[in-house]
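Enquirer: sequence? don't have it. structure:
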């Protein structure tokens, strides 16, 4: 009965995680079929009835024509408080034999782009979470060098099996333009050819460190006077500017987040402006300073977005106003502002999205310089954005703990008591001598990884989107993995009257821990800062399917084995659900029974082979994902 429950739950996990891997709860996936047909792969058809939703378009004439770089507002809303959970919206232009995706959407924080492989990045937008919604609004920006006609098509999802097409709807009169605020953008390029000569530079992820292009970086022009100013150019790559975004520079005395002075550049495509502000990194969080323009030189801020690059220019006062070094240090500590010329710093660069005027968690692994920079000199260096080594260790340790050691260890008591009934190592059954150390290793590795991540983060981490459940699930796994060995230490004797209670509890806690750990690893693939490629999600799905198929194979084989042995060896063996015991009342001696060939030997060999294949499969999955973490 327990095994049937295990298989049922495992199959449920496969189904759930397959849907997660396809991404439906967190937006339409970037798959060619879905992007071309705009139809969800939910196993259902579009509704034939009238849609209870309105798709309103404002900012374009009634014929759907657009001018170059024109803003058009698109709003999806339910009639009479009707809600929806998901959607995909795509801007298309008819260019001959078929429609093609065009332009780019500026989307709110509860939406994201998709179908990057189908058309220009940003030409399709979808939901970010599957919570209920009554309305959502976007701004679509037409191509900057073309005119034509646009149609908005897609799907609105009420529930998993109920969804309607989005067809061309009524176009309303243009809405008034949003007034421009902040500093206008300009379009002057970033020059890295003078790095190390006339200006200092820290560049990251460059095709060529001497000439670029680089994914992100910062340049500075040191001041020449004791009370001068330092001019900065801060930039980060962005395939398209479809929503408010930021790029930020941190000055730090170490390579970890915490007690860092940060300069933020916030870009707003709605208003065509950029704002620069000062903020401060606490342990795991960032807060804008009360005097957010402290140390910034008035009139020095400018920025632009061009050719996939966010560029921000600003000038800062090089030294704090105080005259003595002691007073300057005290003032910096009180104001939470590190001045460029006061010390040498590790440089941190991050980028991400802006929601309601505030920075979201960075969407990339921040790049942190290994060496400290003197910003009064024209130093030059380059580096790569790297994940904190301790975070890498946390992930790799958890992967091997649960994908390899735990997944192999839990098979032993379930299927190998009957496969190796009389084989012993050091006086105890072989299956137990494998199961116990494997689960102890799982406990040790899980505890080590748990401690590592808490020491690294210094606090409870809150994640966004699909990864939000990763931290609480991790705590649940840690709790369960501690409970099970404690129960095992106080287990009753095998022949005790209430031993069955321990057996059930031990089985259930172990099962829930394994399933929770698998889900936790799966959700880790969606942590934004990891930037894990899509194939890693596929490997996790493969692992779940592989483990489930091995359990099914062993369960079916064990069931068939017990039936055959009962029929063939009823007089020689006592076959029970918990194992196969030699019949001590048989006139044949124990030695003769053990040495005499029996069908059990062939059955044991088959299960042993399956165990070997299982170990090879899970080890391959663990190594593949771990290698990606190492090189990230």
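Expert: Looks like it came in fine. All figures in this text were calculated on a predicted structure; none of them were measured in a lab.
Enquirer: state the mean pLDDT of stretch 370-379.
Expert: In this model, stretch 370-379 carries a mean pLDDT of 83.
Enquirer: ignore what I typed, I meant stretch 505-512.
Expert: Stretch 505-512 carries an average pLDDT of 90.
Enquirer: can you tell me which helices and strands the helix or strand encompassing residue 607 packs against?
Expert: For residue 607, the host element (DSSP states H and E) is helix 599-631. Counting contacts by 3 or more CB pairs under 8 Å, 6 or more residues apart in numbering; DSSP states H and E, helix 599-631 packs against helix 389-400, helix 407-409, helix 411-415, helix 534-568. In this view, the C-beta of every residue, glycine as well, is placed from N, C-alpha and C.
Enquirer: and the next helix-or-strand element following the third one, which strands flank it?
Expert: Stepping forward along the backbone from helix 411-415, the first helix or strand reached (DSSP H and E) is strand 424-425. Under the criterion DSSP bridges, strand 424-425 sits next to strand 428-429 (antiparallel) in its sheet.
Enquirer: how distant is the strand it pairs with from the center of its chain?
Expert: Between the centre of strand 428-429 and the centre of its host chain there is 43 Å, according to CA atoms, centre = their mean, to the nearest Å.
Enquirer: all helices of this structure, in order?
Expert: For the chain, the helices defined by DSSP state H cover 2-22, 32-37, 325-335, 389-400, 407-409, 411-415, 430-457, 470-489, 499-524, 534-568, 590-595, 599-631.
Enquirer: low pLDDT regions in the stretch 401-550 of the chain?
Expert: Residue ranges of the stretch 401-550 of the chain with pLDDT under 70: 418-419, 421, 464-465, 528-529, 531.
Enquirer: mind listing what the nearest residue to residue 532 once chain neighbours are set aside touches?
Expert: Nearest non-adjacent residue to residue 532, counting by CB to CB, 6 or more residues apart in numbering: residue 525, 4.8 Å away. Residues in contact with residue 525, defined by CB atoms under 8 Å, 6 or more residues apart in numbering, are 532, 536, 537, 540.
Enquirer: and what of residue 395?
Expert: Residue 395 makes contact with 449, 524, 530, 626, 629 under the criterion CB under 8 Å, 6+ apart.
Enquirer: isn't the second one up against residue 471?
Expert: In other words, residue 524. No: using CB atoms under 8 Å, residue 524 is not in contact with residue 471; the gap is 10.3 Å.
Enquirer: show me which of these two is the more surrounded one.
Expert: A direct count of neighbours by other CB atoms under 10 Å for residue 524 and residue 471 places residue 524 higher, at 24 against 17.
Enquirer: hmm, back to that, as TSV, the contacts of residue 525 with neighbour count would be great.
Expert: Compiled in TSV, the contacts of residue 525 are given as follows (neighbours: other CB atoms under 10 Å):
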residue	neighbour count
532	20
536	18
537	19
540	25
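Enquirer: reformat those as a markdown table; add distance to residue 126.
Expert: Listed next are the contacts of residue 525 as a markdown table, based on distance: CB to CB, whole Å:
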| residue | distance to residue 126 |
| --- | --- |
| 532 | 20 |
| 536 | 21 |
| 537 | 17 |
| 540 | 22 |
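Enquirer: what's the farthest-apart pair in those?
Expert: 532 and 540 (9.7 Å; CB to CB).
Enquirer: so what's the residue count around residue 461?
Expert: Residue 461: 16 surrounding residues under other CB under 10 Å.
Enquirer: any idea how far residue 139 is from it?
Expert: Using CB to CB, to the nearest Å, residue 461 is found at 32 Å from residue 139.
Enquirer: hang on, the earlier thing: could you export the helices and strands packed on helix 599-631 as TSV, including distance to residue 486?
Expert: TSV is the format used below for the helices and strands packed on helix 599-631 (distance: least, CB to CB, whole Å):
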stretch	distance to residue 486
helix 389-400	21
helix 407-409	17
helix 411-415	18
helix 534-568	26
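Enquirer: what sits closest to residue 621 if chain neighbours are left out?
Expert: Excluding its sequence neighbours, the residue lying closest to residue 621 (CB to CB, 6+ apart) is residue 543, at 4.3 Å.
Enquirer: okay but the one you found is in contact with residue 619, surely?
Expert: No: between residue 543 and residue 619 there is no contact under CB under 8 Å: 10.4 Å.
Enquirer: which of the two has more residues huddled nearby?
Expert: Set residue 543 next to residue 619 and count neighbours by other CB under 10 Å: residue 543 wins out with 25 against 15.
Enquirer: quick one: contacts for that one?
Expert: Residues near residue 543 by CB under 8 Å, 6+ apart: 403, 518, 617, 618, 621.
Enquirer: now swap in residue 474 and tell me
Expert: Counting by CB under 8 Å, 6+ apart, residue 474 touches 450, 453, 520.
Enquirer: got those as a markdown table, with neighbour count and distance to residue 123 columns?
Expert: Below are the contacts of residue 474 laid out as a markdown table (neighbours: other CB atoms under 10 Å; distance: CB to CB, whole Å):
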| residue | neighbour count | distance to residue 123 |
| --- | --- | --- |
| 450 | 19 | 43 |
| 453 | 20 | 38 |
| 520 | 21 | 34 |
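Enquirer: just the closest of these to residue 249, please.
Expert: Checking these against residue 249 by CB to CB gives residue 453 as the nearest, at 26.5 Å.
Enquirer: skipping adjacent residues, who's closest to the closest one in space?
Expert: Residue 453's closest residue in space is residue 394 (CB to CB, 6+ apart), at 4.4 Å.
Enquirer: equivalent analysis for residue 110, please.
Expert: residue 128 is the one closest to residue 110 (CB to CB, 6+ apart), at 5.2 Å.
Enquirer: now that neighbour: how far from residue 360?
Expert: Taking CB to CB, one finds residue 128 at 11 Å from residue 360.
Enquirer: likewise residue 342?
Expert: Using CB to CB, we find residue 342 at a distance of 30 Å from residue 360.
Enquirer: the two: which has the busier surroundings?
Expert: residue 342 (20 against 17).
Enquirer: that one and residue 232, how far apart?
Expert: 15 Å.
Enquirer: is the closest residue to residue 204 other than its chain neighbours bridged to anything, and to what?
Expert: Excluding the flanking residues, the one nearest residue 204 by CB to CB, 6+ apart is residue 367, at 4.1 Å. When assigned by DSSP bridges, residue 367 has beta-bridge partners residue 349.
Enquirer: wait, doesn't residue 367 sit right on residue 218?
Expert: No: taking contacts as CB under 8 Å, residue 367 lies outside contact range of residue 218: 9.9 Å.
Enquirer: common neighbours of the two, please.
Expert: Residues touching both residue 367 and residue 218 by CB under 8 Å, 6+ apart: residue 349.
Enquirer: about what we covered before: top of the contacts of residue 543 by number of neighbours, please.
Expert: residue 403 leads the contacts of residue 543 on contacts (other CB under 10 Å) with 28 neighbours.
Enquirer: contacting residues around the closest residue to that one other than its chain neighbours?
Expert: Nearest non-adjacent residue to residue 403, counting by CB to CB, 6+ apart: residue 622, 4.4 Å away. By CB under 8 Å, 6+ apart, the contact list for residue 622 reads 399, 400, 403, 404.
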